[in-house]
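[1] requesting a structural model of the entry that follows:
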Amino acid sequence: MPHTKYAQVIQDYFQNESYVLPMYPDLMSVNFNFEGLYRSDINYLMTLGVLSYAKSNQLTQANLALDALINFHNTFETTYESYKDKKARKKAFGLSNEEFRLEMLRSKAMMQAAKAFVESKNGNNEQALYLINEAISMYKDAPEMIFQKYELWYLYNKLEILVNLENYEEARDISREIKTKSRLPIANSTVFNKEDSNLDFINAYIRFKTEDYNGALMATKILQKKQPNSPRAYALEEEIHLAMNNEQGAEISREKYLKVINKSK
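    Presented below is the predicted three-dimensional model:
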C-alpha cells in the first residue's frame with residue numbers, strides 16, 4: 001500500500017468500521033466492554049500514519065494525521081474521566097484505574113514520539129529531542145508496564161535526532177543501548193527489527209564522525225555484507241578512506257559505488 005494512503009486507512013478503520021467502534025467506547029456514545037487492541041497500540045498504528053506522510057515529505061498531511069492522533073489521546077482521557085463511578089468506568093472500558101494510568105502513559109508517550117518525529121522532519125531538532133526525551137521518560141516512569149515493546153523504537157528516534165544535531169558522542173551511547181536492549185527477550189521484533197540496515201549505517205557514520213576510522217571501516221564491511229547493493233555503504237567507505245588519506249582505497253570504494261548504481265538502473 002502506498003505511504004500516502006496508509007494514514008487515512010488507519011484513521012478510517014478505527015473511526016468508521018461498525019465492528020471496530022463498539023470495542024472503543026470513547027469513540028462513540030454507545031458503551032460496550034473493552035476487547036481488542038490496547039489504545040497505545042492504536043496510537044502506534046496512527047503514528048505510523050503520521051510517519052508515512054512525513055517520510056514522503058507531505059508535511060501538511062503529516063500535521064493533520066498528528067492532530068488526529070492528539071485528538072484520539074485527548075478524547076480517550078476526557079471520556080474515561082467523565083465516568084465518576086468506578087464500576088461504570090470499569091464496565092465501559094474494562095480498565096481499572098491503575099490500568100488506565102498505564103494506558104495513558106503509553107498513549108501520551110507515543111503521541112510525544114510522533115510529535116518529535118514531525119518536529120525533526122521540520123528541522124526543529126532541539127524541540128524534537130525534548131519531546132522524545134519526554135516520551136522515553138514517561139515510559140521509564142512506569143516500570144510495571146508489561147508491554148515495553150516500543151522503547152527501542154523511541155530510542156531509535158532519539159538516535160536519528162542526535163545525529164541530526166551532530167551530537168555523535170551521545171548518539172554512540174544510544175546506539176549501544178539499542179543493541180544491548182534489542183538482545184533481551186522482551187524486545188518485540190514485530191514492532192522494532194533494530195532498523196537493521198539503517199542502524200548499521202548510523203553506527204558506521206558515528207564512528208566516522210568521531211574519527212574512529214578503523215572502526216568505521218569495519219562497520220561499513222558489516223553493512224556491505226548485509227546490504228551488498230546499498231550505494232551509501234560504499235560512498236561512506238570512500239569518505240573514510242579519503243579522511244585516512246588512502247587515495248587507492250577511496251578509488252576502489254568509488255568503483256564499487258558506481259557499479260552498484262549502474263546495476264540498479
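[2] which SS state does residue 245 fall under?
    coil (DSSP: H, G, I helix; E, B strand; the rest coil).
[3] quick check on it: phi, psi?
    phi 60, psi 30 (degrees, to the nearest 10).
[4] neighbours of it, how many?
    Using other C-beta atoms under 10 Å, residue 245 has 8 neighbouring residues. Backbone N, C-alpha and C define where each C-beta goes, glycine included.
[5] cool, and the one 5 residues further on?
    Here the number of neighbours of residue 250 (other C-beta under 10 Å) works out to 18.
[6] just residue 76 next, same as before
    Residues near residue 76, counting by other C-beta under 10 Å: 23.
[7] thought it was touching residue 39?
    Yes. The pair residue 76 / residue 39 is scored as a contact, 5.7 Å apart, by C-beta atoms under 8 Å.
[8] overlap in contacts of the two?
    Common contacts of residue 76 and residue 39, defined by C-beta atoms under 8 Å, 6 or more residues apart in numbering, comprise 103, 107.
[9] in stretch 39-56, what's buried?
    39-47, 49-54 (16 or more other C-beta atoms under 10 Å).
[10] ok, residue 202 to residue 180 distance?
    16 Å (C-beta to C-beta, to the nearest Å).
[11] neighbour-wise, which of these two wins?
    residue 202 (23 against 10).
[12] so who does that one touch?
    Going by C-beta under 8 Å, 6+ apart, residue 202 touches 159, 160, 163, 171, 175.
[13] which members of the residues you listed are the farthest-apart pair?
    160 and 175 (10.6 Å; C-beta to C-beta).
[14] now do the strands in the chain.
    Taking DSSP state E to define them, one finds no strands in the chain.
[15] work out which residue lies at the spatial centre of it.
    Central residue of the chain (C-alpha atoms, centre = their mean): residue 153, 4.3 Å from the mean position.
[16] neighbours of residue 215, how many?
    Residue 215: 16 surrounding residues under other C-beta under 10 Å.
[17] pretty sure it contacts residue 207?
    Yes. Residue 215 lies in contact with residue 207 (C-beta under 8 Å); the separation is 4.3 Å.
[18] run a quick neighbour tally on residue 156.
    21.
[19] so it touches residue 181, yeah?
    No. Residue 156 lies out of contact with residue 181 (C-beta under 8 Å); the separation is 10.6 Å.
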